[in-house]
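Chemist: A structural model of the following input is requested.
(one chain, ligands or ions: 1)
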Amino acid sequence: MSIFSNVELAPRDPILGLNEQYNADTRPTKVNLGVGVYYDAEGRLPVLKAVQIAEQELAKKVSPRGYLPIEGIATYDKGAQALLLGKDSELSKAGRALTFQALGGTGALKIGADFLKQINPNANVHISNPSWENHRALFERAGFTVNNYPYYDASTHGLDFAAMLAYLDTLPAGDIVILHACCHNPTGVDPSFEQWEQIANTIKAKGLIPFLDIAYQGFGDGLEEDAKVVKLFARLDIPTFVSSSFSKSFSLYGERVGALTILCASKEEADRVLSQVKRTIRTNYSNPPTHGGTVVSMVLNNEELFAQWESELAEMRDRIRSMRSALVQKLKENGVTQNFDFVLAQRGMFSYSGLTQAQVERLRNEHGIYAVNSGRICVAALNPKNIDAVAKAIASVL
Ligand code: PLP
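Modeler: Below you'll find the model as predicted:
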C-alpha cells in the first residue's frame, strides 16, 4: 500500500492533449488551430524586436541575480499599472492602486484568488459561459464554488447581454465576477462599451467584486483602447482586481510575465492590502523571477522601445484581422453560403467558429486540421500558406 495507491488519474488538459495529437500527426499539411499562441505569417513564434534590443542591452552588463522584492521590480509594476490606468492616473498618484509582478496572468489570478479567499471566504465566484478553461479550476482550487453567468449566444454568435445582466442582478453583495476586459477567450465576443457601462453600474450597485482578466491587451483595438474597461471601473471607484498577462503581447510565454493590480478606496486601505498580498505571495513562491520582468520593464519604461513594441503589437493585431477577412472571403470562394461575417466582429486571437464537435472531428481526422472541440479556432495560427487548405477543409465539413 503506497500513499499514492488511491491517487486517481487526472483527465488530460483538453488543449495540451490536442497538441500532443497534433505533434504525433505525420501529415505534412497538418494545421494546429487549437493553440492559444500567436504565430507570425511564416507560422513561427515571433521574438519581438523590442525584446531582442532589450536583451542585447542586458547581455552587455554583468547582472547579479539577488532576490527581487516580494511585489517584484518597481519599474515593472509601475509600467504595468500605467498600461491599465494611464500614465497620469489619479488613482496611481493617490497611492490607491497596487501592482504586483506575477507569474503570468495565471499567477496573477492565483494570487488574487488566494487573497480573496482570505478576505471574503463565503463569496461565490462567477465566470462567463464559456470562459478560459483554467478560470473554473483555478478558483475552485482556491476554495471557491464557481458558477457560470450567461454570456455567449450560439444562435446569434454574439453576446446574450440581457441574460448576463439579469444574472448579475441576482447576485449577493461580495460575490466575485470574473470578466474578460477585452478579446474574450474562447469566443472572441466582447460587450460594447455601452454594455460595459451597464455591467460596471450593476456591479457597483450590487456591491459585487469585479476581477478583470486582461490577457490580450493590444490585440483588440490597441493598448489604450483595450484598457478602457479597466479605466471605467477605476472611474466608478469600484474596488477591482485586474490580472494582466504579457505572455501574448510580448511573445514571452515561457518567461511568466504578468501582474496583479488591485484598486483600493484609499491609500490607507491600499497599505493594508499591500501587506496582506505580500504575505500571500511570500507563502506561494516568495518573490518573482528576474529576467522576463527586467526585459518587459525596459520596454515599458523606454520611449523608443515602447514605440517599437507598440508597432509590433499593431502588426500582430492587423495580421490577425487580415486572417479573419481572408477566412470569411475564402469560405465564400469555396461555395459556403452560411454567413460567417460574425468572425469579422470578433476580437483578439480566437474565434468561436460555430463548428460542431462532429465537424471539428472531421476536420481533424480527414484534413489534419486541429481545432478545439467547442469549435474555437485560433485565428493567429492562420497564415497565407495554410489559409486556403483550412478554408477548403472547413467548407467540406459544413
Ligand atoms: N487569462 C486568459 C483569458 C487567457 O487566455 C490566458 C492564457 O491563455 C491567461 C489568463 C493566462 O496567461 P499566462 O499564460 O500569462 O498565464
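Chemist: From now on I want contacts and neighbour counts done on CA atoms only, so please keep to that.
Modeler: Will do.
Chemist: F100 in helix, strand or coil?
Modeler: strand (DSSP: H, G, I helix; E, B strand; the rest coil).
Chemist: same thing with L138?
Modeler: helix.
Chemist: what do you get for K392?
Modeler: On the basis of three-state DSSP, K392 is classed as helix.
Chemist: what does F219 give?
Modeler: Per three-state DSSP, F219 ends up coil.
Chemist: how about it, what does it touch?
Modeler: C183, D226, S249, L313, A314, M316, R317, R347, G348, M349 (Cα atoms under 8 Å, 6 or more residues apart in numbering).
Chemist: ok, 7 Å please
Modeler: F219 is in contact with R317, G348, counting by Cα atoms under 7 Å, 6 or more residues apart in numbering.
Chemist: distance of it from the ligand?
Modeler: Distance of F219 to the ligand, given as Cα to the nearest ligand atom, to the nearest Å: 12 Å.
Chemist: helix or strand right after whichever helix in the chain runs longest?
Modeler: Ranked by number of residues, the top helix in the chain under DSSP state H is helix 303-333. From helix 303-333 onward toward the C-terminus, using DSSP states H and E, the following helix or strand is helix 342-345.
Chemist: ok, for D114, nearest residue in space, not its chain neighbours?
Modeler: Nearest non-adjacent residue to D114, counting by Cα to Cα, 6 or more residues apart in numbering: A142, 5.7 Å away.
Chemist: Going by contacts, tell me the helices and strands next to the host helix or strand of D77.
Modeler: Per DSSP H and E, D77 falls inside helix 74-85. The contact analysis (3 or more Cα pairs under 7 Å, 6 or more residues apart in numbering; DSSP states H and E) places helix 74-85 against strand 97-103, helix 228-235, helix 291-300.
Chemist: mind saving the C-alpha coords of the shortest one as CSV?
Modeler: If I follow you right, that is strand 97-103. The C-alpha trace of strand 97-103 is given here as CSV (Å, rounded to 0.1, in the frame of the first residue of the first chain):
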residue,chain,number,x,y,z
ALA,A,97,-3.6,51.3,-7.0
LEU,A,98,-1.3,48.4,-6.2
THR,A,99,0.5,46.3,-8.8
PHE,A,100,2.4,43.1,-8.1
GLN,A,101,4.7,41.4,-10.7
ALA,A,102,3.2,37.9,-11.1
LEU,A,103,4.0,34.6,-12.8
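Chemist: Whether that strand contacts the ligand - can you check?
Modeler: No: between strand 97-103 and the ligand, judged by Cα under 6 Å from any ligand atom, nothing touches; the nearest distance is 6.8 Å.
Chemist: Show me which residues of this structure are close to the ligand?
Modeler: Near the ligand, when you scan the chain using Cα under 6 Å from any ligand atom, you find G36, G104, G105, T106, W132, N185, D213, A215, S245, S247, R256, G258.
Chemist: Now render those as TSV, adding neighbour count.
Modeler: Output for the residues of the chain next to the ligand, formatted as TSV (neighbours: other Cα atoms under 10 Å):
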residue	neighbour count
G36	18
G104	24
G105	23
T106	23
W132	15
N185	25
D213	25
A215	25
S245	29
S247	22
R256	22
G258	29
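Chemist: Which residues are in contact with L45?
Modeler: L45 neighbours (Cα under 7 Å, 6+ apart): Y38, Y39.
Chemist: A113 too?
Modeler: So A113 contacts F139, A142 (Cα under 7 Å, 6+ apart).
Chemist: hang on, it is in a helix, isn't it?
Modeler: Yes: assessed with three-state DSSP, A113 lies in a helix.
Chemist: now it: how far from L260?
Modeler: 11 Å (Cα to Cα, to the nearest Å).
Chemist: cool, S251 as well?
Modeler: With distances taken as Cα to Cα, S251 is found 19 Å from L260.
Chemist: give me the number of residues near K332?
Modeler: 17 (other Cα atoms under 10 Å).
Chemist: actually L300, sorry about that
Modeler: 24.
Chemist: which of the residues in the helix or strand containing A162 are buried?
Modeler: Assessed by DSSP H and E, A162 sits inside helix 161-168. Within helix 161-168, the residues scored as buried using 16 or more other Cα atoms under 10 Å are F161, M164, L165, L168.
Chemist: can I get these in TSV with pLDDT?
Modeler: Listed next are these as TSV, based on pLDDT from 0 to 100:
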residue	pLDDT
F161	98
M164	98
L165	98
L168	98
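Chemist: on that earlier part again, between S251 and L260, point out the one with more neighbours.
Modeler: Neighbour count, other Cα under 10 Å: between S251 and L260, L260 has more, with 31 against 19.
Chemist: Wait, a strand at that one?
Modeler: Yes: checked against three-state DSSP, L260 lies within a strand.
Chemist: residues contacting it?
Modeler: T99, F100, Q101, A102, A108, G112, V242, S243, S244.
Chemist: That one and the ligand, how far apart?
Modeler: 11 Å.
Chemist: Can you give me the pLDDT of that residue?
Modeler: Confidence at L260, expressed as pLDDT, is 98.
Chemist: Then P14?
Modeler: 79.
Chemist: likewise M1?
Modeler: Reading off the model, M1 has pLDDT 88.
Chemist: burial count for it?
Modeler: For M1, using other Cα under 10 Å, the count is 5.
Chemist: and if you look at V31?
Modeler: Around V31 there are 22 residues (other Cα under 10 Å).
Chemist: Could you do N334 as well?
Modeler: 15.
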